[in-house]
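**Q** Pasted the sequence and its predicted model underneath.
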Amino acid sequence: MQISLHSPRARRLSAALTGGALLVGTLAAAPAVAAPSTVAALAPTTTTAGACGEGDGLPDSKISIQLYTHVGELGFGTPTPETIDRVLGEVANAGFTNVEPFSQPYSMPVDEYKAILDRHGLEVSSSHGSTDWDTWPDTVDYAVALGQDYIGTGGMAGSYGTYEEALATAAYVNRLGQYAHENGANKIVLHNHQSEFTTRYPHPETGEMVSAWQVIEENTDPRYVTFQLDVGWAADAGIDVPAWIEEYGDRIELLHVKDAVNVDAEGDMRQVALGTGDIDLRAIIAAAEPYVEYYTYEWDDAPSFETSAESYQYLRCFLSEDEGDDECDADDGESLALGRPVTTSSIDDPARTGDKAVDGNAGTRWGSQWSEPEWIAVDLGATYDLSRVVIDWETAFASGYEIQTSPDGETWTAVHTVTDGDGYFDDIDLSGTGRHVRLYATERATQWGFSLYELEIYGTPTGEQPAPEPVAHGAGYWSSEYRQVRTPDYTTDELLCFLSSTRVQSDVFDEVVDLNTLDDAVQVLWAPNHDEWVDVFDQQLLGVWLNVAAGSVALEDPIVGGGTVGDVLHAVEAARLDAGATRVDLKEYKDELETVDAQH
C-alpha cells in the first residue's frame, strides 16, 4: 500500500474492507467502473486552531507533549538553559501549554527551570526519569516544586521477565508511589512499550495466561500507582487499545498518543504525525474520555517542530475535520516502482537493501554507506512519461539530490534538482521520460548516509509500449497490511465508493473487473490462495466484515450459543492469521461463520 498517497481515513477503510468478511449478499448500486490500482483518497480538510470550536477536540488543559519528541534538539541529561529555552519556546508556539520532560529532575536548579516554563506559559503535567530509591526523594521534591501531579518513568521501574519478577516490581513501585503520595505528589506513572504485553506467563491460581502489564496492574495500589498507556506500542503489540482502555480505564490516567504505520506487522512500526497513520485515535480518545487526565503526544525524535504543531492541531481540533464526501476522487494510481528491480551504489546493512525501498512496506528501508554521492535506481520495465516522485525519508535524509532518468540505465539526465531538502516526505511534480529512474543523493543532512522507506514513481506509458506486469503477492502479504480490523465505522456510500475505485496489486486481477456484487468485491479485494477451500473460507469471512462495515450487522449482535458477532470475527481473524492453522482449525470457525449467516 502506498501510504504517503492516501488520506488516513482512506487507509483505515482499506484495512476494514480488504481484511474481512460477512454475509453473502448483493452490494446494490455499486457502479461498474474500470478499477484503478490504489485506494481513492477521501480528501481531508485542514483546520486551524482558531477555526475549531470548544467541543471539536480536546481542551488545552488536557493536551501535553513528551519532550523526547525533540530529543534531537534537547539531547540527554540536562540541556543548557539556552537550549531548553529555545525548545520550550518552539513547543509553546506549536500550541502546547503542558509538557512532560524526560531525564527529570534536571541538574538545573528547579527555580531556573520553572522560570523558563513560566516565560513560555507552560506547566509540567508529568515527567519521566529515574526511579532509583536512593534519589527518589530528590525526584519527588523537584516535581512538587514544579507543581506537577504525576511523576513517571519510561518503563515499569523494574524487571518482569518472570511472574515473580513482575510481582517484585509491583511491590517496589507501590513503595515509590506511596512515598510520592505522602510527600506532596499524586502518583507514580508507569509507561509501556510492546514487551509489557507480549511477555506472558500462567497465573499461579487460575492458570490463565496473563501479561506483565496485567500482573503489575493487579498488584499495585491505585492510590499510589497509575499507568500511562502508550497507544502506539500497545497497538504494535497486538492490543485492541480501545477495548483495553474500556477494561482497565480506572487504572489509566494518562495516555501517550502516538500514530504510526506498519503497526503489528512485519518490519518496524514507524511513527508519523497524529491523524496521518493507521491507529484509530478517535476510538481510543473516545474510550479514554471517562478516565484520562492528560493526552500526551509523542513521536520519538520527530523530524521538526512543524510536525508537533500538526499533532497539537489534531488533538485540539480532530472532531472538526471533514470526513470526506461521497465522491471517488482518483489519485495517481499504483507506484510504478512497486516491486520493480532496483540497483544501488551501496548498502550499510544486509537488512537494508534497495528492494526494501519499493516493497510497499513503510516499516522497511534502504540505507547507503556513510558517504556521498550515493544512489538508488529503479528499472520500471517500460518507458514512461513521468509526472511525480514521492520520497519517504528516514532520519538520514539528503539535503541535496537529483532525480535522474535514463533509457538504458547507463546515460542519465537530471529532471529535477533539490538543494534545500528537509527530509520527511518529498512529493515532487516533474516532467521527464525514461525507463530507469534514479535518486542521486549528493549532500548528506546527517552524519549517517542516505536512507529512505519508500520511493514511489508515477507516470503514464509512452507510445504503444505495454506497462510492466504487476507484481504478484500472496494472501500473506495482504494480511499484514489489511487485516487490522476491529470496529469499522463506514457508511454504505463510503463502502461503495471504496469498492468502485480500488483493486488489489496482483497479477491475478490485471483485467478490468465490474463491481456489482459481493463476489466482485471479494475478487478485487482479496488475493486468492492456492487452496480453493481456504478461498471459500476467506470469501465468507470477507462477506461478514463487509456487512458490518455497511451497517447491516453489528459486532454486538448476540449469536446462538453465547457471545457476539464480534467475538466470532476476532477469533476467526486470529485463527486465519496463525501460520500454523490447519484446515481442521479453520473448519471449526467456518461453522461459526455459517451460524452468524443463518441468524442474519
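**A** That came in fine, so what should we check first? The structure displayed is predicted, hence computed values, not measured ones.
**Q** Could you pull up phi and psi at the residue most central in space within the chain?
**A** What sits nearest the mean C-alpha location of the chain, by CA atoms, centre = their mean, is residue 260, with 2.0 Å. Note on residue 260: its backbone torsions stand at phi -160, psi 160 [degrees, to the nearest 10].
**Q** Quick check: it touching residue 267?
**A** No - Residue 260 lies out of contact with residue 267 (CB atoms under 8 Å); the separation is 11.5 Å. From N, CA and C alone the C-beta is placed, and that goes for glycine too.
**Q** so who does residue 365 touch?
**A** 352, 356, 357, 394, 451, 452, 453 (CB atoms under 8 Å, 6 or more residues apart in numbering).
**Q** and of those residues, the nearest to residue 380?
**A** residue 357 (14.1 Å; CB to CB).
**Q** What's the local residue count around the nearest residue to that closest one once chain neighbours are set aside?
**A** Closest residue to residue 357 apart from its sequence neighbours, by CB to CB, 6 or more residues apart in numbering: residue 366 at 4.1 Å. Applying other CB atoms under 10 Å, we find 29 residues neighbouring residue 366.
**Q** same check, this time on the one 3 residues further on
**A** Other residues within reach of residue 369 by the criterion other CB under 10 Å amount to 15.
**Q** Now for it: which residues touch it?
**A** 345, 346, 347, 348, 449.
**Q** With respect to residue 117, which of those residues is nearest?
**A** Closest to residue 117, out of all of these and judged by CB to CB, is residue 449, at 38.3 Å.
**Q** sec struct for that closest one, please.
**A** coil (DSSP: H, G, I helix; E, B strand; the rest coil).
**Q** Contacts only, for residue 408.
**A** 435, 436.
**Q** which SS state does it fall under?
**A** Here residue 408 takes the coil state, with states given by three-state DSSP.
**Q** sorry, back to before: isn't the residue nearest to residue 357 right next to residue 354, touching?
**A** Yes - between residue 366 and residue 354 there is a contact at 5.0 Å, judged by CB under 8 Å.
**Q** Keeping just the C-alphas, turn stretch 221-237 into PDB.
**A** The C-alpha coordinates for stretch 221-237 follow below in PDB (Å, rounded to 0.1, in the frame of the first residue of the first chain):
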ATOM      1  CA  ASP A 221      -2.200   0.200  44.800                       C
ATOM      2  CA  PRO A 222      -4.400   2.500  42.800                       C
ATOM      3  CA  ARG A 223      -4.000   5.200  45.500                       C
ATOM      4  CA  TYR A 224      -0.300   5.400  44.600                       C
ATOM      5  CA  VAL A 225       0.200   3.900  41.200                       C
ATOM      6  CA  THR A 226      -1.300   4.600  37.800                       C
ATOM      7  CA  PHE A 227      -0.500   3.900  34.200                       C
ATOM      8  CA  GLN A 228       0.300   5.900  31.100                       C
ATOM      9  CA  LEU A 229      -0.800   3.700  28.200                       C
ATOM     10  CA  ASP A 230       1.300   4.300  25.100                       C
ATOM     11  CA  VAL A 231      -1.200   3.600  22.400                       C
ATOM     12  CA  GLY A 232       1.400   3.200  19.700                       C
ATOM     13  CA  TRP A 233       3.500   0.500  21.300                       C
ATOM     14  CA  ALA A 234       0.400  -1.200  22.700                       C
ATOM     15  CA  ALA A 235      -1.200  -1.400  19.200                       C
ATOM     16  CA  ASP A 236       2.100  -2.700  17.800                       C
ATOM     17  CA  ALA A 237       2.000  -5.500  20.500                       C
END
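**Q** Go through that stretch and flag the buried ones.
**A** 224-237 (16 or more other CB atoms under 10 Å).
**Q** next one: stretch 273-290
**A** Counting neighbours by 16+ other CB under 10 Å, stretch 273-290 gives 273-285, 287-288 as buried.
**Q** Let's see which of those end up in strands.
**A** Among the buried residues of stretch 273-290, no member falls in strands (DSSP state E).
**Q** Which pair of those residues spans the longest distance?
**A** 273 and 287 (21.6 Å).
**Q** Redo the buried residues of stretch 221-237 as CSV? Include distance to residue 205 and secondary structure.
**A** Below are the buried residues of stretch 221-237 laid out as CSV (distance: CB to CB, whole Å; DSSP: H, G, I helix; E, B strand; the rest coil):
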residue, distance to residue 205, secondary structure
224, 24, coil
225, 22, strand
226, 25, strand
227, 23, strand
228, 28, strand
229, 26, strand
230, 29, strand
231, 30, helix
232, 33, helix
233, 29, helix
234, 26, helix
235, 30, helix
236, 30, helix
237, 25, coil
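**Q** what ranges do the helices span in the stretch 351-500 of the chain?
**A** 475-482, 492-499 (DSSP state H, counting those that start in this stretch).
**Q** Would you mind checking which of those helices scores lowest on average pLDDT?
**A** Mean pLDDT is lowest for helix 475-482 out of the helices of the stretch 351-500 of the chain, coming in at a mean of 30.
**Q** one step back: show only the entries of the contacts of residue 365 found in strands.
**A** 451, 452, 453.
**Q** Specify which member of these is nearest to residue 253.
**A** Taking CB to CB as the measure, residue 253 sits nearest to residue 453 out of the ones in strands among the contacts of residue 365, at 34.6 Å.
**Q** ok, now which ones touch the closest one?
**A** 270, 357, 362, 363, 364, 365, 392, 393, 394.
**Q** hmm, try it at 10 Å
**A** Neighbour list for residue 453: 3-4, 261-262, 267-268, 270, 356-357, 359, 361-366, 391-394, 425 [criterion: CB atoms under 10 Å, 6 or more residues apart in numbering].
**Q** can you list residues touching both of residue 260 and residue 267?
**A** Counting by CB under 10 Å, 6+ apart, the residues touching both residue 260 and residue 267 are 362, 363.
**Q** any chance of the contacts of residue 365 in TSV, with distance to residue 149 and pLDDT too?
**A** Listed next are the contacts of residue 365 as TSV, based on distance: CB to CB, whole Å; pLDDT from 0 to 100:
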residue	distance to residue 149	pLDDT
352	43	89
356	44	90
357	45	93
394	37	88
451	40	95
452	42	93
453	39	89
